[in-house]
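Peer 1: what follows is a predicted structure for the sequence shown.
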Amino acid sequence: MNSLTNKAIYLIVLNFIKYAIGFLVPIFVARILSRHEYGTYQQILLLINTLSGVMVLGIPTSIYYYYNLHENELHKKTLVMQSFIMLNISAIVAVVAVNLAKFKIAESLDNNQLIELIPILSVYVYCFIVSEYYFHLLVSKDQYTKSVIFGVSESLLRSALVLSAAFIFHDVFALVVAISIYAFARYSYSVYGSSKDFVSLNIFKSHQYIKKQILYSLPLAFTSLIGLVGSMIDRYLITLSYTTSQFAIYTVGAIELPLDVIFQGSVANVLRTKIPRLVVEEKFSEITTLISEATRKLALIVLLIFMYLLFYGKDFIVILFTDKYIESVDVFMIYLMLTPLHIFILSVVPQSFGLTGIGFKVATFTITSNVILSLILLKTVGFLGPAISTVATTYMSITIYLFIVRKLLGKKIIDFVPVIDILKVLLLCLLLLAILRNVHITHLMTADFFINGIIYVLSFVLLSWLTNILKSGDKELIINIRKRIIKI
């Protein structure tokens, strides 16, 4: 468990830096650009995130499964080679498709500026898709330090380029050029860094197992497609139904905290490298313990943040985006309800059993429900309807996964979901916030937000330590982190 925790911490540190930067950059960009320009930028991100998310075809995730399934080095290098080849083909298809559809896309989104931007975006689309395998390869090779350096470096580069373009040119065209330059640099480094993992074409031809990898990856790809559309259906409906400026208001409110990728995703990636072997050895009790303990640890962080923003959500949006986006608060408060779900790591289990089709079925059912409910609520509730639908159907999806994991592991839900520990965290947070919400030390919104936040976190750590909400392993981890900080 300690080994897994340390590896997860590496990825959490990486993702915290990476996505903290990624979270802050849109805030500065939104402040610099007009609502229309920022709305256009968000439409571009919606387009490229959809393309890159779908067209990687689940190949990067499949590396976790196959790389650690066998010890043979030739097998591993063949895996890297065939992943690279397939991603190249997929990237070319994506570039051709988006350029052929650029006029239709611009017409659908009522934004002709996209016609001149999409050809430049082709560089980003190709380079990003092809290089997406590299980070997953580093994690699969247990090169966690290198993965952290790579992740942080690419994030810093992207942020520096985007912010420079925004500050100097105040123009969305410059932002598109900036992210394309970033993607090319990412691609170049990934190819260089993995060049030793490639094999010759003759060896590749005799050892390749592309069909097997595709059969494993395609359900992941379809699941990703369904999941992406499901997570973005509200944005699609808003950008198709409202103006570009109104879309900007919605996207500011829908700015989810990246707790899923910072914490949940980091832990999940570590478990993906370990659980498949435990499944083969039929050590289901050990898997249950791993998931339960991971969920408990995630709850300590995720629910702490969720509860604070539940009380201070309006202050949070106004401080970050100014009064210009005060209309985004309602959307943000609805989206905030997704945060508690980031404590669960459930989809890893069926994937580790080789049952990638389960994820596809669940995702298909969820997105179908989301589309139907979003359309209904868009007509009846209006602007906030798609956001409400997204939250409701995501909760439904998690509920389904709870029962799937219960069946696969042959355990009760309470065995891998530490309900009592979760409730203790929630109650302690509620108690602290009930007191702090009426505390206004400076009577200045920004100052009080941060001062109360610091008091809240320190009080939580102290009281959870004294009441043993923090387990011995948690306390040991905090002490070790403190020692490392002091040394620095």
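Peer 2: That came through, no problem. The shown structure was predicted, so the numbers you read here are calculated from the model rather than taken from an experiment.
Peer 1: list the buried residues of the longest helix along the chain.
Peer 2: Longest helix in the chain, counting residues (DSSP state H): helix 284-321. The neighbour-count check on helix 284-321 (16 or more other C-beta atoms under 10 Å) flags 287-288, 290-318, 320-321 as buried. Just so you know, the C-beta spots here come from the backbone N, C-alpha and C atoms, and that holds for glycine as well.
Peer 1: look at residue 419 and say how many residues are nearby.
Peer 2: Neighbours of residue 419 under the rule other C-beta atoms under 10 Å: 10.
Peer 1: could you measure from it over to residue 402?
Peer 2: Distance, residue 419 to residue 402, using C-beta to C-beta, to the nearest Å: 11 Å.
Peer 1: what is the strand or helix carrying residue 240 packed up against?
Peer 2: Using DSSP states H and E, the element containing residue 240 is helix 210-241. Secondary-structure packing of helix 210-241 (3 or more C-beta pairs under 8 Å, 6 or more residues apart in numbering; DSSP states H and E): helix 35-55, helix 59-67, helix 73-100, helix 244-253, helix 356-380, helix 385-409.
Peer 1: mean neighbour count added to these, as CSV?
Peer 2: What follows is the helices and strands packed on helix 210-241, written out as CSV (neighbours: other C-beta atoms under 10 Å):
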stretch, mean neighbour count
helix 35-55, 21
helix 59-67, 23
helix 73-100, 18
helix 244-253, 23
helix 356-380, 18
helix 385-409, 19
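Peer 1: which residues does the residue of the chain most remote from its centre contact?
Peer 2: For the chain, the largest distance from the centre (C-alpha atoms, centre = their mean) belongs to residue 202, which lies 38.0 Å off. Contact analysis of residue 202 by C-beta atoms under 8 Å, 6 or more residues apart in numbering lists nothing.
Peer 1: keeping just the C-alphas, turn whichever strand or helix holds it into CSV.
Peer 2: Using DSSP H and E, the element containing residue 202 is helix 201-207. Extracted in CSV, the C-alpha atoms of helix 201-207 (Å, rounded to 0.1, in the frame of the first residue of the first chain):
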residue,chain,number,x,y,z
LEU,A,201,10.1,-3.0,-39.2
ASN,A,202,11.2,-6.6,-39.8
ILE,A,203,11.0,-7.4,-36.0
PHE,A,204,7.7,-5.5,-35.8
LYS,A,205,6.2,-7.4,-38.7
SER,A,206,7.0,-10.8,-37.1
HIS,A,207,6.0,-9.8,-33.5
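Peer 1: buried sites along that helix?
Peer 2: For helix 201-207, the buried set under the neighbour-count rule, 16+ other C-beta under 10 Å, comprises 204, 207.
Peer 1: sorry, back to before: of all the helices and strands packed on helix 210-241, which one is nearest residue 333?
Peer 2: Nearest to residue 333 among the helices and strands packed on helix 210-241 is helix 244-253 (8.1 Å), distances taken as C-beta to C-beta.
Peer 1: centre of the chain to the closest one, how far?
Peer 2: 20 Å (C-alpha atoms, centre = their mean, to the nearest Å).
Peer 1: kindly report the same for stretch 435-447.
Peer 2: In terms of C-alpha atoms, centre = their mean, the centre of stretch 435-447 is set 32 Å apart from its chain centre.
Peer 1: residues in contact with that stretch?
Peer 2: 311, 315, 318-319, 448, 451-452, 455-456.
Peer 1: out of these, which comes closest to residue 469?
Peer 2: Among the contacts of stretch 435-447, residue 456 lies closest to residue 469 (C-beta to C-beta), at 14.8 Å.
Peer 1: so what's the closest one up against?
Peer 2: Contacts for residue 456 (C-beta under 8 Å, 6+ apart) come out as 308, 432-433, 436.
Peer 1: ok so, going back, reformat the helices and strands packed on helix 210-241 into a markdown table and put mean pLDDT next to each item.
Peer 2: What follows is those, written out as a markdown table (pLDDT from 0 to 100):
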| stretch | mean pLDDT |
| --- | --- |
| helix 35-55 | 90 |
| helix 59-67 | 85 |
| helix 73-100 | 91 |
| helix 244-253 | 92 |
| helix 356-380 | 88 |
| helix 385-409 | 93 |
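Peer 1: need these in TSV with distance to residue 326, can you?
Peer 2: Shown next, in TSV, are those (distance: least, C-beta to C-beta, whole Å):
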stretch	distance to residue 326
helix 35-55	13
helix 59-67	39
helix 73-100	35
helix 244-253	9
helix 356-380	22
helix 385-409	16
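Peer 1: tell me which element the residue nearest to residue 134 when sequence neighbours are not counted falls in.
Peer 2: Distances taken as C-beta to C-beta, 6 or more residues apart in numbering place residue 190 nearest to residue 134, at 3.7 Å, with adjacent residues excluded. Element membership for residue 190, per DSSP H and E: helix 172-194.
Peer 1: from the contact counts, what lies against that helix?
Peer 2: Contact partners of helix 172-194 among helices and strands, from 3+ C-beta pairs under 8 Å, 6+ apart: helix 35-55, helix 73-100, helix 113-130, helix 133-140, helix 144-169.
Peer 1: repeat that for 7 Å
Peer 2: Secondary-structure packing of helix 172-194 (3 or more C-beta pairs under 7 Å, 6 or more residues apart in numbering; DSSP states H and E): helix 35-55, helix 113-130, helix 133-140, helix 144-169.
Peer 1: would you mind writing the CA trace of the second one as PDB?
Peer 2: Meaning helix 113-130. Output of helix 113-130 as PDB, limited to C-alpha atoms (Å, rounded to 0.1, in the frame of the first residue of the first chain):
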ATOM      1  CA  GLN A 113     -13.900  32.900 -37.700                       C
ATOM      2  CA  LEU A 114     -13.500  29.100 -37.200                       C
ATOM      3  CA  ILE A 115     -13.000  28.600 -41.000                       C
ATOM      4  CA  GLU A 116      -9.600  30.300 -40.900                       C
ATOM      5  CA  LEU A 117      -8.600  28.800 -37.500                       C
ATOM      6  CA  ILE A 118      -9.200  25.100 -38.200                       C
ATOM      7  CA  PRO A 119      -6.400  24.600 -40.700                       C
ATOM      8  CA  ILE A 120      -3.900  26.000 -38.200                       C
ATOM      9  CA  LEU A 121      -5.500  23.700 -35.500                       C
ATOM     10  CA  SER A 122      -4.500  20.700 -37.700                       C
ATOM     11  CA  VAL A 123      -1.000  21.000 -36.400                       C
ATOM     12  CA  TYR A 124      -2.200  20.700 -32.900                       C
ATOM     13  CA  VAL A 125      -4.600  17.800 -33.600                       C
ATOM     14  CA  TYR A 126      -2.000  15.700 -35.400                       C
ATOM     15  CA  CYS A 127       0.800  16.300 -33.000                       C
ATOM     16  CA  PHE A 128      -1.200  15.900 -29.800                       C
ATOM     17  CA  ILE A 129      -2.900  12.700 -30.800                       C
ATOM     18  CA  VAL A 130       0.300  11.000 -31.900                       C
END
